[in-house]
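A.B. asks: Task: produce atomic coordinates for the following.
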Amino acid sequence: MKKGFLFSMLFFAGLSACHTQEKTQATPKTIAPASIGSVAPTPPSAQAPAFVTWDKKMIELGKVKKGEKRSMFFEFTNTSGKDAQIDLIDACDCTTTDYPRGVIAPGGKGRVDVIFNSAEKEESETIDVRLIFKQMDAKGNPMMDVVQYKFDLEK
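C.D. replies: Numbers count the residues shown, from 1 in each chain. The predicted structure follows:
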C-alpha cells in the first residue's frame with residue numbers, strides 16, 4: 001500500500017513539477033480580521049526538525065539562452081541523527097539528476113548533481129527538484145524535501 005501511495009503522490013506532484021513565473025508583480029493583500037483564523041497550516045517540512053541541511057536550497061541561473069544546458073549541484077549534510085538514503089528524485093522533464101545511491105551516515109554529506117536543458121522551454125520558470133528519502137516520518141510517510149532553481153529565458 002505504501003508503494004501505491006508513493007506512486008500516486010509522485011503522479012500528482014509531477015503535474016506541477018515546473019512552475020512558470022508570473023510576468024506581473026503581485027499586489028499585496030490586506031488580511032481582513034475575520035480571515036486571520038483561516039490561515040493555511042504550515043507545511044510539514046517546515047514543522048519538523050531538519051532531516052538534511054542544504055548548503056543552498058535555491059540556485060538562480062540568471063539569463064539562459066533557449067537550447068542552452070546548465071549544470072549545477074546542491075550539497076547537503078545528514079542532520080537527522082539517523083542514516084539517510086535518497087529513494088528517488090522527481091523533477092521536470094527538462095531536468096536530469098544524479099545523486100548518491102547509498103546510505104549517508106549522520107553527519108555525512110551528499111551531493112545532488114543537476115543538468116538543466118532549456119531546449120523545450122518557452123518562458124522563465126522556477127523548477128522544483130523533489131527528493132524522497134527511504135526513511136519515514138513519525139506518521140509512516142516518506143521523508144521529503146525540495147530544492148529549486150530558476151532561470152530567465154532569453155529567446
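
A.B. asks: residue ranges with poor pLDDT in the protein?
C.D. replies: Filtered on pLDDT under 70, the chain yields the residue ranges 1-49.

A.B. asks: Strands of that one, start to end?
C.D. replies: Assigned by DSSP state E, the strands in the chain fall at 18-20, 52-54, 58-65, 69-78, 86-91, 95-98, 109-117, 125-136, 142-154.

A.B. asks: Kindly reformat the ones you listed as TSV and extend each row with mean neighbour count.
C.D. replies: The C-beta positions use only the backbone N, C-alpha and C, and glycine is treated the same way. TSV is the format used below for those (neighbours: other Cβ atoms under 10 Å):
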stretch	mean neighbour count
strand 18-20	13
strand 52-54	17
strand 58-65	13
strand 69-78	17
strand 86-91	18
strand 95-98	15
strand 109-117	17
strand 125-136	18
strand 142-154	18
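
A.B. asks: V147 contacts D55, doesn't it?
C.D. replies: No - counting by Cβ atoms under 8 Å, V147 sits too far from D55 to count as a contact (10.0 Å).
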